[in-house]
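J.: A structural model of the following input is requested.
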Amino acid sequence: MPLIKEDSTLDLRQELKEKHEILNNPKFGKDKNEREANLKKAQKVAAITKFAGIGIGIWTFIFIDHYKYALIASIIFPVLCVFLLNYYKGLIRIEGRKNTTYPSILFGVFSTITAVITRSFLDFKILDYTNVWVPIFVIAFLGIAFLLFRNEEFKFIKTNNFISILALLILSFSYAYGSYISLNCVYDTSKPEIFNTSILEKRMTYGKRHTYYLKLTPWGKQIAPHEISVSQMQYDSHYKNEELKVYLMKGKFKIPWFEITDKNTTLK
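T.: Got it, this is the predicted structure:
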């Protein structure tokens, strides 16, 4: 009980210290009254931004209708958030510490990025990653550089800032990967090549979550059996030795990807 009380006291001291910093920082307004008004406005804007991001993330992750529009919304949203951070000069922040006076938009940004990268893993099977890594690393590091540029939140580098920057690098890379792969596949207009294959083996692994695999006979330019991960629904709907069709697409950014169907189904 005393430990909980001590932690609460420290949190309250931190909040009071941060509010004192805000109300005495000329970047946030001409006088204390204007700074306090700007803080309240920033809290409202951050709350709206957070819930908007969560809503867009749910739309992208769960509702597949109008997926193209949901994808674009999820890709644009984090970019708009970076502009918002710079506009508010550090008053609104990306870091999501508990019991802080500074409004945070972390959950909104995290929701959209998580939705995009999760859907990219679930929906698209990449055949060749040769053209993936260079553009993704470029996008990720440009994103983190743009985020840190003139951002008051990271002006003074401390140990906790390095941890935050590492977390932002992971978030930025996830955003770059999910966005680039999704755009490559969703907006691909190439005519697919069709190949025949069959299922050699089925297996699943156990852990925090089950993972499902199908081993296919060689198709296209492949010379050896190839194992792919699939959803539980795909795993349950196919059987060993079943004949399948493989639809191979070139990709909008020349990243080849494919889909599998049973032999009597035509890909739309």
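
J.: helices of the chain, start to end?
T.: 2-23, 32-62, 67-87, 106-123, 133-148, 159-186, 232-237 (DSSP state H).

J.: weakest of these in terms of mean pLDDT?
T.: Set side by side, the helices of the chain give their lowest mean pLDDT on helix 2-23, at a mean of 64.

J.: and the closest residue to Val132 other than its chain neighbours, how many neighbours?
T.: By the measure of Cβ to Cβ, 6 or more residues apart in numbering, the closest residue to Val132 outside its immediate chain neighbours is Ile255, 5.7 Å from it. (C-beta placed from N, C-alpha, C; glycine too.) When counting by other Cβ atoms under 10 Å, one arrives at 23 neighbours for Ile255.

J.: for the helices of the chain, give me TSV that also has mean neighbour count and distance to Arg203.
T.: Output for the helices of the chain, formatted as TSV (neighbours: other Cβ atoms under 10 Å; distance: least, Cβ to Cβ, whole Å):
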stretch	mean neighbour count	distance to Arg203
helix 2-23	12	47
helix 32-62	17	27
helix 67-87	17	30
helix 106-123	21	19
helix 133-148	15	28
helix 159-186	18	25
helix 232-237	12	9
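
J.: so can I have JSON lines of those showing distance to Pro218?
T.: What follows is those, written out as JSON lines (distance: least, Cβ to Cβ, whole Å):
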{"stretch": "helix 2-23", "distance to Pro218": "60"}
{"stretch": "helix 32-62", "distance to Pro218": "34"}
{"stretch": "helix 67-87", "distance to Pro218": "32"}
{"stretch": "helix 106-123", "distance to Pro218": "24"}
{"stretch": "helix 133-148", "distance to Pro218": "25"}
{"stretch": "helix 159-186", "distance to Pro218": "23"}
{"stretch": "helix 232-237", "distance to Pro218": "20"}
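
J.: out of those, nearest to Lys245?
T.: Nearest to Lys245 among those is helix 232-237 (13.4 Å), distances taken as Cβ to Cβ.

J.: how long is stretch 241-256 end to end?
T.: From its first residue to its last, stretch 241-256 covers 26 Å (Cα to Cα, to the nearest Å).

J.: so what touches that stretch?
T.: Contacting residues not belonging to stretch 241-256 are listed as 126-129, 131-132, 135, 180-181, 183-185, 187-190, 192-200, 216, 219-220, 238, 257-263, 265, 267 [Cβ atoms under 8 Å, 6 or more residues apart in numbering].

J.: mind running it again at 6 Å?
T.: Under the contact criterion Cβ atoms under 6 Å, 6 or more residues apart in numbering, stretch 241-256 has outside partners 127-128, 131-132, 184, 187-188, 190, 192-195, 197-199, 219, 257-261, 263, 267.

J.: let me know the average pLDDT across it.
T.: Averaging pLDDT residue by residue across stretch 241-256 gives 95.

J.: show me what counts as buried in that stretch.
T.: Burial within stretch 241-256, assessed by neighbour count using 16 or more other Cβ atoms under 10 Å, is assigned to 244-252, 255-256.
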